[in-house]
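Undergrad: The following block contains a protein sequence and its predicted model.
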Amino acid sequence: MTDLAFASARQIAAMIRRGKLGCLEALDHAIARVERMDGPINAVVVRDVERARKRARRLDRRGESTGPLHGVPMTVKESFDIAGLPSTWGIEAYRGNVAQTNALAVDRLLDAGAVIFGKTNVPHLLADWQSFNVIYGATNNPWDLSRTPGGSSGGSAAALAAGFSALELGSDIGGSIRQPAHNCGVFGHKPTWGLCPPRGHSLTGAAAMTDISVIGPLARSAEDLMLALDAIAGPDPGESALRQILPPPRGRSFGELRIAVWPDDPIGVTDAAIAGRLRELAKFLKREGAKVSLTARPAFDATEAYHLYLKLLGAALGGRQNAAEQDATRARNAARTADDTSADAILDRHMVDLPHGGFLALNERRHQLRRLWTAFFEDWDVLLCPVLGLPAMPHMPEVPIWQRRVNVNGHEMPFNDLLFWPGLTGGYHLPASVAPLGFTSTGLPFGVQIVGPIYGDRTTLTMARLLERAWQGFTPPPALARAEG
């Protein structure tokens, strides 16, 4: 049953509906693969095997389908609450923290019929582009174990690429769904901010949503992203009786779409292989009948928009810091020069001691730029751009984030200066899907970020599906594709 390891959630659900596969049979196949192969990858760090088997048996006895994900074995990011399982966010002080209830999104996936059998690894405080913490250790990229699968939903993307899980639930504030999908050659979707309620995705039980932060799915196909989004989207019933109906996609073929392509930027330095492949994709789309522009841009200064995102991100992340971390941030600020405009400097300056009036001014400017994004999407249906400036990077677990350096096209830069592409779109609450785009000369996968207007989630997901069919879909890592089962 090797093919089952890399089947889509939709395919697995269809096999179960047709009686060609049992729910317990599908689950046991996934569990056996994890037990046999996850050691060197270390993706599924919390396992809930017996409860999952009881659920699968109940679904088999029931017979009729409980929903579109009936019997599909899946995992979720460790940061989502599941009653009886630890939620630590990789923080030593929370090692014994056991959730009492399920996250709302977890319940919605269960209501759709999914069988959740474990949780996947994250970085400390969900604040890194690698997935390493003192509780669970490091997760390795299935394509190259010496490299990170990304973060913070790194265990999620690694589990999908390795064929351990058919579907995943992640979260994103600075590329944490998009960058792992890009690193591991899978699909991901960062929904419009507020579309999917995050209740149960907070160590403190917070009722308010964190600015910029969203929850969303990762998968091995674009259609699976759609299935999962339909399951988890919609207002929190504890707060509103309203219902949301997303607009339909703006086009269902390349010829019906107006596509802007932004392959690189002086501010967002991008690996030449990624930028070059995006230009090749632009030519392909034009041949397929799409209206394509390599020069169309929103009517704002990209540097201002990027720096504004960093300020807002700093303010959002500051709410997660304890007193000791705030003191450390103040010390870094005191040691910096006033003209330091690195991402780390801008983040730190806005992470502590920002007055409420200061945040309101930032938020007002953000909404002004949001309107410019909206005006841009009156002329263009989607924007294609890099997910990140680099493919999967080597592990750097012992180096503090603000001290890390990366090399892009021979240009050395601070690690967090890679936030340009995730932040330029995410900071303005836009939806963005990730689909596989290509491979480096050494065989590492990388993806394309498909951005749309606010609540244009179905348009970005439809574009991902079109690319999956006509350009590139999920490819299993060669070593794991050859592995039995």
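TA: The structure has been received and is ready for your questions. Residues are numbered from 1 along each chain as shown.
Undergrad: What number of residues are in the vicinity of E398?
TA: 6 (other CB atoms under 10 Å). In this view, the C-beta of every residue, glycine as well, is placed from N, C-alpha and C.
Undergrad: Kindly report the same for the one 3 residues further on.
TA: Other residues near I401 number 17, with proximity taken as other CB under 10 Å.
Undergrad: so what pLDDT did it get?
TA: I401 is assigned 92 on the pLDDT scale.
Undergrad: what does G63 give?
TA: 83.
Undergrad: ok, it to I116 distance?
TA: The gap separating G63 from I116 is 21 Å, by CB to CB, to the nearest Å.
Undergrad: the more surrounded of those two?
TA: Neighbours per residue, other CB under 10 Å: of G63 and I116, the larger number sits with I116, 24 against 7.
Undergrad: which residue sits closest to T148 in space, ignoring its chain neighbours?
TA: Of all residues not flanking T148 in the chain, Q130 sits nearest, at 3.7 Å (CB to CB, 6 or more residues apart in numbering).
Undergrad: Validate this expectation: that neighbour resides in a helix.
TA: No: remark: Q130 does not belong to a helix; assigned using DSSP: H, G, I helix; E, B strand; the rest coil, it is coil.
Undergrad: 54 is where my numbering starts, stick with that
TA: Let's use 54 as the start, then, which means that last one is Q183.
Undergrad: quick one: it from L422, how far?
TA: Counting by CB to CB - Q183 and L422 are separated by 30 Å.
Undergrad: which of the two has more neighbours?
TA: The neighbour comparison of Q183 against L422 (other CB under 10 Å) goes to Q183, with 28 against 19.
Undergrad: so what's that one up against?
TA: 176, 191, 201-204, 207, 446, 448-450 (CB atoms under 8 Å, 6 or more residues apart in numbering).
Undergrad: try it again with 10 Å
TA: 176, 191-194, 200-205, 207, 232-233, 236, 445-450, 454, 457 (CB atoms under 10 Å, 6 or more residues apart in numbering).
Undergrad: Next: F412.
TA: The contact partners of F412, taken as CB under 10 Å, 6+ apart, are 264, 364-365, 368-369, 371, 403.
Undergrad: Tell me if I'm right that I84 and A58 touch.
TA: No: using CB atoms under 10 Å, I84 makes no contact with A58, being 11.8 Å away.
Undergrad: Quick check: neighbours shared by those two?
TA: Among the neighbours of I84, those also in contact with A58 (CB under 10 Å, 6+ apart) are F217.
Undergrad: how about the helix of greatest length in the chain as CSV, C-alpha atoms only?
TA: Using DSSP state H, we find that the single longest helix of the chain is helix 409-432. Taking Å, rounded to 0.1, in the frame of the first residue of the first chain, the C-alpha atoms of helix 409-432 are listed here in CSV:
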residue,chain,number,x,y,z
HIS,A,409,-1.5,52.3,22.7
GLY,A,410,-1.6,55.5,20.6
GLY,A,411,1.5,54.4,18.8
PHE,A,412,-0.1,51.1,17.8
LEU,A,413,-3.3,52.9,16.7
ALA,A,414,-1.2,55.0,14.4
LEU,A,415,0.5,51.9,12.9
ASN,A,416,-2.9,50.2,12.5
GLU,A,417,-4.4,53.3,10.7
ARG,A,418,-1.5,53.3,8.2
ARG,A,419,-1.9,49.6,7.7
HIS,A,420,-5.5,50.0,6.8
GLN,A,421,-4.6,52.8,4.3
LEU,A,422,-2.2,50.4,2.6
ARG,A,423,-4.8,47.6,2.8
ARG,A,424,-7.0,49.8,0.6
LEU,A,425,-4.2,50.2,-1.9
TRP,A,426,-4.0,46.4,-2.0
THR,A,427,-7.7,46.3,-2.6
ALA,A,428,-7.3,48.8,-5.5
PHE,A,429,-4.5,46.6,-6.9
PHE,A,430,-6.8,43.6,-6.9
GLU,A,431,-9.5,45.4,-8.8
ASP,A,432,-7.1,45.2,-11.8
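Undergrad: Please verify my assumption that E378 contacts A146.
TA: No: with contact defined as CB under 10 Å, E378 does not count as touching A146 (11.9 Å).
Undergrad: which of the two has more neighbours?
TA: E378 (15 against 10).
Undergrad: now the lowest-mean-pLDDT helix or strand in the chain, how far from the centre of its chain.
TA: Ranked by mean pLDDT, DSSP states H and E, the weakest helix or strand in the chain is helix 55-58, scoring a mean of 82. Remark: helix 55-58 is offset 24 Å from the chain centroid, using CA atoms, centre = their mean, to the nearest Å.
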